[in-house]
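[1] quick one, what's the 3D model for this:
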Amino acid sequence: MKHPLPARPSIGTHDGLSYALFLPDGEPTGGVVICHGAGSAKESHFDFARTARDRGLAALAYDARGHGRSEGALGPGLVGDALGMCDLLREQAPAVALRGSSLGGFTAIMAAAASHGSVRAVVALSPAPGDLLARALRSEEREIEFRADVERLEPWLASVSLTEAAAALGAAGVALLLMHARGDEQVPYTVSEELFAAASEPKRLLLVPGGHHRSLQHDVEMQNEALRYVERSLR
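    Next comes the predicted model:
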């Protein structure tokens with residue numbers, strides 16, 4: 001039995017960043033910008049973007065600098081890049097959320113904290129804190145390959161606090177959903193527990209038994225749980 005192919009996204013470039021835009025058939029009820037992890041690319045999260053589109057949301061996945069088809073190297077400008085993608089999606093959707101995993105979870109929280117409330121919600125899956133990311137950059141046996149401006153990025157990562165950024169979200173009215181697998185072998189689930197403790201309402205922590213660092217990203221049930229949280233937060 002043949003099934004129709006899913007509608008293709010619109011592919012574009014904005015400020016040197018390659019992105020894919022998924023739009024529903026009708027007017028979007030909201031939008032979500034998708035931030036991928038280190039060494040990944042926007043295509044890895046097309047399944048989540050399609051699920052968002054099927055629920056009536058606009059979704060924009062993009063390649064961080066140093067990854068995929070985007071220009072340049074990953075550096076301290078990653079927060080500004082995420083906010084630029086939010087501005088781009090806001091042209092299509094009335095309100096915008098961020099969803100990120102690992103490095104992308106770090107990016108999403110940091111960007112939302114710097115958005116002055118223009119980002120309404122964050123979903124962070126296994127967010128990696130800056131000191132952990134800095135150590136990974138220093139490693140002589142770095143397993144994940146991507147272009148990075150290490151001389152600028154490493155000290156910046158070591159100087160910022162993901163915990164402080166999470167704590168700042170509530171004052172700006174930004175809702176935070178943290179999702180983490182207890183079996184995560186790269187970022188301990190206690191990181192999300194600490195972020196949740198520092199954050200104020202509205203917030204939610206979802207810890208899942210077992211799993212591994214990437215197990216929640218492509219789980220359909222977890223994707224829909226994240227999108228339900230986004231929908232409620234964007235109303």
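
[2] closest to the centroid, which residue in the chain?
    Ranked by distance to the mean C-alpha position of the chain (C-alpha atoms, centre = their mean), the top residue is Gly100 at 1.6 Å.

[3] quick one: secondary structure of that one?
    Under DSSP: H, G, I helix; E, B strand; the rest coil, the three-state class of Gly100 is strand.

[4] equivalent analysis for Ala112, please.
    When the rule is three-state DSSP, Ala112 gets the label helix.

[5] next SSE downstream of the helix or strand of the chain with the lowest mean pLDDT?
    Considering only helices and strands, the least confidently modelled element of the chain by mean pLDDT, DSSP states H and E is helix 130-138, at a mean of 88. Counting by DSSP states H and E, the next helix or strand C-terminal to helix 130-138 is helix 150-159.

[6] name the residues of that following helix that are buried.
    150, 153-154, 156-157 (16 or more other C-beta atoms under 10 Å). All C-beta atoms are positioned from the backbone trio N, CA, C, and that covers glycine.

[7] run a quick check on Ala95 versus Gly117, I expect a contact.
    No: counting by C-beta atoms under 8 Å, Gly117 is not a contact partner of Ala95; they are 10.8 Å apart.

[8] okay, those two: which has more neighbours?
    Summary of the neighbour comparison: Ala95 and Gly117, criterion other C-beta atoms under 10 Å, with Ala95 having more neighbours (19 against 11).

[9] give the contact list for that one.
    Contacts for Ala95 (C-beta atoms under 8 Å, 6 or more residues apart in numbering) come out as 30-31, 120, 234.

[10] cheers, nothing more for now.
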